[in-house]
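> I would like the atomic coordinates for the input below:
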Amino acid sequence: MKTHYPVLIAGGGTAGITVAAQLANHPNPPQMAIIEPSTKHYYQPLWTLVGGGVFPKEDSVRDEAEFIPPGVDWIQEYVAEFDPDNNRVVLRNGTVLTYDYLIVALGIQIDWDKIPGLKEALAMRNGVCSNYAYETVERTWENIRSLKRGVAVFTQPSTPIKCGGAPQKIAYLADDYFRRAGVRDNITIKFFSGQASIFSVEKYANTLRQVCQRKGIETYFRHDLVAVDPHRKEAVFKNLNTGEQVTVHYDMLHATPPMSAPDVIKRSKLASEAGWVEVDKHTLQHVRYPNVFSLGDCSSLPTSKTGAAIRKQAPVLVENLLAALEGRPLHATYDGYTSCPLVTGYGSLVLAEFDYTHTPKESFPFDQSKERYSMYALKAYGLPAMYWNGMLRGRI
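Sure thing, here's the model as predicted:
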């Protein structure tokens, strides 16, 4: 195995593979390696629909080897340490790799352990589920279709999370299923969010508030899930405004755990005060180490952490990295574009698209704040095909 690369990519998820593929497609690609321990690659946006019973979870997974671009070395290991002062990355097995340029794309860390009782509750299979892991996503559908009466609770933390709309989307699908099954009148649905409102962009928030009202979903904001008692079937929330704790009984609980930057980033010199890789929000270049770039969920970019955001970030990073390699100024600019396809029921979706300023940046010539079947079909069938066949191949 080589120990030095002109370009070293830490992470072989959506961001790492997309950047590697775009660089590999360049007429004169640099020598590259991807550090990624997993043998499987997941299309996680599908997990909302898996949890809603639309697709089997197997539709969301492929072999990682299928997407490593030709000519790119694949190092199947974990990153144990970043040493940007010496242009080094230390792997868990002790191997030291050096680089000319480093791209950090390690994704986001799911902090299951930060909610006492949550892991135990998930293991007990007693009404608690989460769409945020391949191992637990099918249980969401089991719980939805088996619930005939009681209280269904859905949570969203105050931390940044991947796909910020996902916690509410599954609540809407559950409501839709309960109505079709004729049990909705017997079930109370409660959505607890650590955020201040249903959505950050007012144009789409207006629609989502109407959806909650129409569906009869009780909403509680600035409430963080802080503990789960699976034996009593109780969820404990902290009111972030008052500091008081509120205990809520559940018959079904869909938990979205808190998330943060991976620990290996937090303890490195690459990290911001908040723990993310600290990059310029327009060029994606590190603010202190000019030969380091980052994108995607692990970066400090102040936008929603979605695959759609990565699709716009990747070409900016690639153009600026190539410029840096050639000693040219970095002119490519990322404006914070992201997209949240907000499923509001089976066959209906609001496609939110916006930039750093929370200004809508819509792709279609109609009002995307309206619920539409066409946008649902795009999410269910169009976007997965674009992801596997376009984005991960460096084509879009």
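
> in stretch 80-96, what's buried?
Along stretch 80-96, the positions that meet the burial threshold by neighbour count (16 or more other Cβ atoms under 10 Å) are F82, P84, N87, R88, V89, L91. No exception for glycine: its C-beta is placed from N, CA and C like everyone else's.

> please work out which residues outside it touch it.
Contact with stretch 80-96 is made by 1, 3, 8, 10, 35, 75, 77-79, 97-100, 102, 104, 264-265, 268-270, 286, 288-289, 291-292, as judged by Cβ atoms under 8 Å, 6 or more residues apart in numbering.

> quick check: end-to-end length of it?
Start to finish, the residues bounding stretch 80-96 are 10 Å apart (Cα to Cα, to the nearest Å).

> circling back to that earlier point, in strands, which of the contacts of stretch 80-96 fall?
Among those, the ones falling in strands (DSSP state E) are L8, A10, I35, I75, V79, L97, T98, Y99, D100, L102, V104, V292.

> need the phi and psi values for the spatially closest residue to M252 that is not a sequence neighbour.
Beyond its immediate neighbours in the sequence, the residue positioned closest to M252 (Cβ to Cβ, 6 or more residues apart in numbering) is A152, lying 4.3 Å away. Taking degrees, to the nearest 10, you get phi -110, psi 120 for the backbone angles of A152.

> give the contact list for A152.
Here A152 is in contact with 144, 171, 174, 178, 187-190, 250-254 (Cβ under 8 Å, 6+ apart).

> and if we set it to 10 Å?
Taking Cβ atoms under 10 Å, 6 or more residues apart in numbering as the definition of contact, the neighbours of A152 are 127, 143-144, 170-171, 174-175, 178, 187-191, 217, 250-254.

> what's the burial count for the closest residue to V72 other than its chain neighbours?
In space, and not counting its chain neighbours, V72 is closest to M32: 4.8 Å by Cβ to Cβ, 6+ apart. Neighbour count of M32, defined by other Cβ atoms under 10 Å: 21.

> kindly report the same for L378.
L378 has 17 neighbouring residues, counting by other Cβ under 10 Å.

> just to check, it is in contact with V343?
No. Checked against Cβ atoms under 10 Å, the pair L378 and V343 is beyond contact range at 11.2 Å.

> need the overlap of contacts for the two.
Shared between the contact lists of L378 and V343 (criterion: Cβ under 10 Å, 6+ apart) are residues L349.

> for the stretch 51-200 of the chain, which segments count as strands?
Counting by DSSP state E, counting those that start in this stretch, one finds strands in the stretch 51-200 of the chain at the ranges 61-63, 73-75, 79-83, 88-91, 96-104, 109-110, 128-129, 150-156, 187-193.

> buried subset of the contacts of stretch 80-96, written for ChimeraX?
Here is the ChimeraX command that selects the buried residues among the contacts of stretch 80-96 (16+ other Cβ under 10 Å):
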select :8,10,35,75,77,78,79,97,99,102,104,264,265,268,270,286,289,291,292
